[in-house]
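Engineer: How does the following fold in three dimensions:
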Amino acid sequence: MTEKQMATEKIGADVVANPSPAKSMGDPGITPLSPSHTQQNNTEQVQSEPSFVVVVAIDFGTTSSGYAYAFTKEPECIHTMRRWEGGDPGVSNQKTPTTILLTPDRKFHSFGYAARDFYHDLDPSESKHWLYLEKFKMKLHTTANLSIDTDLHAANGKRVKALDIFAYALAFFKEQALKELSDQTGSEFDNNDVRWVITVPAIWKMPAKQFMREAAYKSGLVSRENAEQLIIALEPEAASIYCRKLRLHQMVDLGTHTTQNGFSPTDNVGSGMAQAKEHVRRNRQSRTFLVENVIGELWSELEEGDRYVVVDCGGGTVDLTVHQIRLPEGHLKELYKASGGPYGSIGIDYEFEKLLCRIFGQDFIDQFKIKRPAAWVDLMIAFESRKRAAAPERTNPLNINLPFSFIDYYKKFRGHSVEHALRKSNVDFVKWSSQGMLRMSPDAMNSLFKPTIDHIIQHLTELFEKPEVSNIKFLFLVGGFAESPLLQQAVQNMLQGRSRIIIPHDVGLTILKGAVLFGLDPSVIKVRRSPLTYGVGVLNRFVEGKHPAEKLLVKDGTRWCTDVFDTFIAADQSVALGEMVKRSYTPAKPSQQVIVIHVYCSEKEIVGFISEPGVKKCGTLRLDVSGTESTAPRREIQTLMQFGDTEIRAMAVDVSTGRTVKASIDFLSH
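Structural biologist: The predicted structure is shown next:
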């Protein structure tokens with residue numbers, strides 16, 4: 001008896017009786033031909049690697065987005081945008097805000113700073129008809145039943161299809177990048193010569209990753225027939241690939257500074273980074289792009305088996321990965337499955353909004369957002385620039401400009417002034433300045449950061465208690481939120497010198513640059529951990545005393561046990577890149593023309609039945625076996641699932657005919 005059968009038997013005895021999904025679906029079902037669980041390391045990938053001239057990576061962020069590229073002939077030169085037009089003063093504009101504007105008849109108008117500025121300049125009577133969206137990427141993480149039909153809400157409250165918005169955004173980046181490449185090469189650049197890489201958080205579930213791919217198909221970035229032209233990269237992995245190649249002048253090592261936080265209190269964060277930018281500037285550059293050579297000196301400090309943690313702090317999520325270095329090639333092995341949560345910097349914006357509701361009333365804020373959407377966006381932009389000035393040592397207050405229409409609309413709505421509201425609100429750390437500003441004490445601003453930073457620190461603390469996460473040499477802090485001195489100090493206090501904290505310069509571009517490197521060599525990460533247990537629902541021969549009575553299904557005189565979970569791969573199991581799990585099944589009914597295999601997943605490592613609590617149907621494999629006659633007494637269908645990549649691939653072979661049946665796993669249909 002195999003280990004797995006013993007595990008199944010053990011569970012079968014005391015499982016809670018849930019209604020049988022298989023019986024209710026009325027599926028004829030499949031049954032395993034062999035209990036064997038063969039795994040093979042397929043060094044030959046399912047698809048042979050096509051050749052591309054250039055890799056273009058799109059970092060589609062919650063708060064800001066950008067793209068970068070490298071030619072395959074010059075893989076060490078990464079081109080990143082110098083500055084987007086319309087950028088904000090005092091903010092590095094190498095990325096553009098993830099904001100999108102549609103015309104009143106729902107056509108794409110503009111993206112990024114251009115969308116924000118145009119929307120802002122519209123007359124209020126007009127702007128309420130335009131559809132403006134920002135920070136919409138989080139919807140893919142927070143929607144429980146994500147599907148192709150999931151909706152988003154524009155600033156004016158109107159609903160739009162999420163897939164359309166994501167497709168518009170990707171089409172915008174496609175157009176920008178191809179134009180830039182055509183300018184660079186002096187001739188029309190062909191999209192077929194581009195390998196596209198899109199980054200997503202590692203903690204995203206499969207439906208969200210598939211959604212991004214569907215949006216790419218819809219945008220014309222790549223076609224379904226040419227699916228391998230697009231790679232979905234995991235954000236912290238991309239950061240990890242870049243970080244291990246850093247040169248010493250490209251990073252701030254918090255451990256080696258005597259000054260508070262890696263910067264003396266009088267410095268602002270930016271000045272520590274000035275020399276590095278100067279160095280990059282002296283390197284060759286194109287009209288709009290900075291070109292950076294990345295082959296680093298951190299190599300000299302990394303030894304075989306060294307472990308490091310990458311903490312990717314973005315706008316929406318915080319993602320943590322633990323990697324171990326394998327020399328001489330410097331391949332990476334994931335030691336602990338990616339973890340994290342929705343603790344990105346937009347949490348601070350929500351806290352600010354809650355504070356405004358406390359002062360001015362939730363009813364007013366809700367009304368104001370819908371009636372004066374452009375002014376609300378203005379207010380949040382004003383908050384954003386002050387948010388960046390928050391620091392542990394700060395003593396002077398932070399002033400936030402209130403738009404005139406806020407003051408005006410409040411007076412009409414409530415019949416008294418904003419100043420009166422502040423006096424009455426008992427929020428004593430926010431004052432009114434006669435210049436029309438909210439004055440926040442540094443403590444007040446810091447308290448807006450606290451809930452988000454506490455989440456991150458709690459998560460890091462738990463991570464560092466795991467046995468796989470001992471002896472960490474470096475902790476890389478990356479992503480736009482990593483620039484926050486408050487977050488840096490909190491991480492430093494938590495680690496207390498247990499590992500060196502390293503922050504790359506241009507920390508917001510780390511993922512983008514790493515994604516380009518990943519696109520040039522997707523095999524750099526050799527071993528990943530499976531975040532979930534995956535398996536399929538099968539029928540087994542019913543065994544008295546072993547299987548629960550309510551699982552008995554009698555079909556044409558044969559006694560079957562329904563709902564058996566046939567495990568392909570267990571949660572937190574190490575999976576090598578390109579590793580295949582191969583199983584043989586036979587239709588329970590010989591005459592079947594279409595075989596439907598349901599794929600289930602669970603966070604638990606050992607699962608006996610698909611009806612157990614916490615087991616979800618996460619995908620469907622449809623195998624069309626019509627038109628092929630089988631002479632064998634039992635038709636054998638081999639199912640191959642490939643793990644170890646950022647996405648799961650599947651194929652199936654009808655053994656009697658040798659025909660490969662197309663199998664696509666759909667995580668988005670319910």
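Engineer: Okay, now the unreliable bits of the stretch 451-600 of the chain?
Structural biologist: Filtered on pLDDT under 70, the stretch 451-600 of the chain yields no residues whatsoever.
Engineer: Specify the beta-bridge partners of the nearest residue to Gly614 once chain neighbours are set aside.
Structural biologist: Spatial nearest neighbour of Gly614, chain neighbours left out: Ser602 (5.3 Å); criterion: Cβ to Cβ, 6 or more residues apart in numbering. C-beta coordinates here come from the backbone N, C-alpha and C atoms, glycine included. Note on Ser602: beta-bridge partners by DSSP bridges are Thr533.
Engineer: my guess is Ser602 contacts Lys616, does it?
Structural biologist: Yes - with contacts counted by Cβ atoms under 8 Å, Ser602 reaches Lys616, the gap being 7.1 Å.
Engineer: ok so, going back, any idea how far the residue nearest to Gly614 lies from Glu579?
Structural biologist: 20 Å (Cβ to Cβ, to the nearest Å).
Engineer: Domains of this structure: list them as residue ranges, please.
Structural biologist: Per the record, the chain has its domains at 54-238, 532-666, by the TED database.
Engineer: Dump the ones you listed to JSON lines, plus mean neighbour count.
Structural biologist: As requested, the domains of the chain are arranged in JSON lines below (neighbours: other Cβ atoms under 10 Å):
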{"stretch": "domain 54-238", "mean neighbour count": "19"}
{"stretch": "domain 532-666", "mean neighbour count": "18"}
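Engineer: what's the closest non-adjacent residue to Leu621?
Structural biologist: Using Cβ to Cβ, 6+ apart, the closest residue to Leu621 is Ile597 (4.1 Å).
Engineer: which helices and strands does the stretch of helix or strand the one you found belongs to pack with?
Structural biologist: If you go by DSSP states H and E, Ile597 is part of strand 594-602. In terms of contacts (3 or more Cβ pairs under 8 Å, 6 or more residues apart in numbering; DSSP states H and E), strand 594-602 is packed against strand 533-541, strand 579-587, strand 616-624.
Engineer: can you do 7 Å?
Structural biologist: Under the contact definition 3 or more Cβ pairs under 7 Å, 6 or more residues apart in numbering; DSSP states H and E, strand 594-602 sits against strand 533-541, strand 616-624.
Engineer: so which of those strands comes closest to Glu126?
Structural biologist: strand 616-624 (44.4 Å; Cβ to Cβ).
Engineer: Test my guess that Gln488 contacts Val311.
Structural biologist: No - taking contacts as Cβ atoms under 7 Å, Gln488 lies outside contact range of Val311: 10.8 Å.
Engineer: and the residue nearest to Gly614, what does it touch?
Structural biologist: Leu532, Thr533, Gly614, Val615 (Cβ atoms under 7 Å, 6 or more residues apart in numbering).
Engineer: Those residues into JSON lines, with extra columns for distance to Asp408?
Structural biologist: Listed next are these as JSON lines, based on distance: Cβ to Cβ, whole Å:
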{"residue": "Leu532", "distance to Asp408": "52"}
{"residue": "Thr533", "distance to Asp408": "57"}
{"residue": "Gly614", "distance to Asp408": "53"}
{"residue": "Val615", "distance to Asp408": "56"}
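Engineer: Give the buried residues for the helix or strand harbouring Lys526.
Structural biologist: In the assignment (DSSP H and E), Lys526 maps to strand 525-529. The neighbour-count check on strand 525-529 (16 or more other Cβ atoms under 10 Å) flags Ile525, Val527, Arg528, Arg529 as buried.
Engineer: Mind listing residues that contact it?
Structural biologist: Residues contacting strand 525-529 (Cβ under 7 Å, 6+ apart): 237, 326, 331-334, 336-337, 572, 574-577, 644.
Engineer: related to what we said a few turns ago, between the domains of the chain, which gets the lowest average pLDDT?
Structural biologist: With a mean of 83, domain 532-666 has the lowest mean pLDDT of these.
Engineer: mind listing the helices for the stretch 251-400 of the chain?
Structural biologist: 274-282, 346-360, 362-371, 373-387 (DSSP state H, counting those that start in this stretch).
Engineer: ok, of those, where does mean pLDDT dip lowest?
Structural biologist: helix 274-282 (a mean of 42).
Engineer: one step back: TSV please, covering the helices and strands packed on strand 594-602 and showing distance to Gln458.
Structural biologist: Shown next, in TSV, are the helices and strands packed on strand 594-602 (distance: least, Cβ to Cβ, whole Å):
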stretch	distance to Gln458
strand 533-541	26
strand 616-624	26
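Engineer: and Leu402, which of these is closest to it?
Structural biologist: strand 616-624 (46.3 Å).
Engineer: Show the contacting residues for Ile595.
Structural biologist: By Cβ under 7 Å, 6+ apart, the residues touching Ile595 are Ile30, Pro587, Leu623, Val625, Ile637.
Engineer: The residue nearest to the first one when sequence neighbours are not counted and Trp84, how far apart?
Structural biologist: The one in question is Ile30. Spatial nearest neighbour of Ile30, excluding adjacent residues (Cβ to Cβ, 6+ apart): Tyr585 at 4.2 Å. Computed as Cβ to Cβ, the Tyr585 to Trp84 distance reads 52 Å.
Engineer: repeat for Lys450
Structural biologist: Lys450 is 32 Å from Trp84, by Cβ to Cβ.
Engineer: Can you tell me the centre-most residue of this structure?
Structural biologist: For the chain, the residue sitting closest to the mean C-alpha position, by Cα atoms, centre = their mean, is Pro201 at 1.8 Å.
Engineer: Spit out the contact partners of that one.
Structural biologist: Per Cβ under 7 Å, 6+ apart, neighbours of Pro201: His141, Glu235, Thr317, Asp319.
Engineer: just the residues you listed now: which is nearest Gly220?
Structural biologist: Of all the contacts of Pro201, Gly220 sits closest to Glu235, with 24.1 Å by Cβ to Cβ.
Engineer: which SS class is Ile228?
Structural biologist: Heads up, residue 228 is Glu, not Ile. helix (DSSP: H, G, I helix; E, B strand; the rest coil).
Engineer: which residues in the stretch 1-150 of the chain form helices?
Structural biologist: Using DSSP H, counting those that start in this stretch, helices in the stretch 1-150 of the chain cover 3-14, 21-25, 113-121, 124-127, 138-142.
Engineer: what about the nearest residue to Leu577 once chain neighbours are set aside, distance to Ser523?
Structural biologist: Once flanking residues are discounted, Leu577 sits nearest to Gly644: 4.6 Å by Cβ to Cβ, 6+ apart. Distance, Gly644 to Ser523, using Cβ to Cβ: 10 Å.
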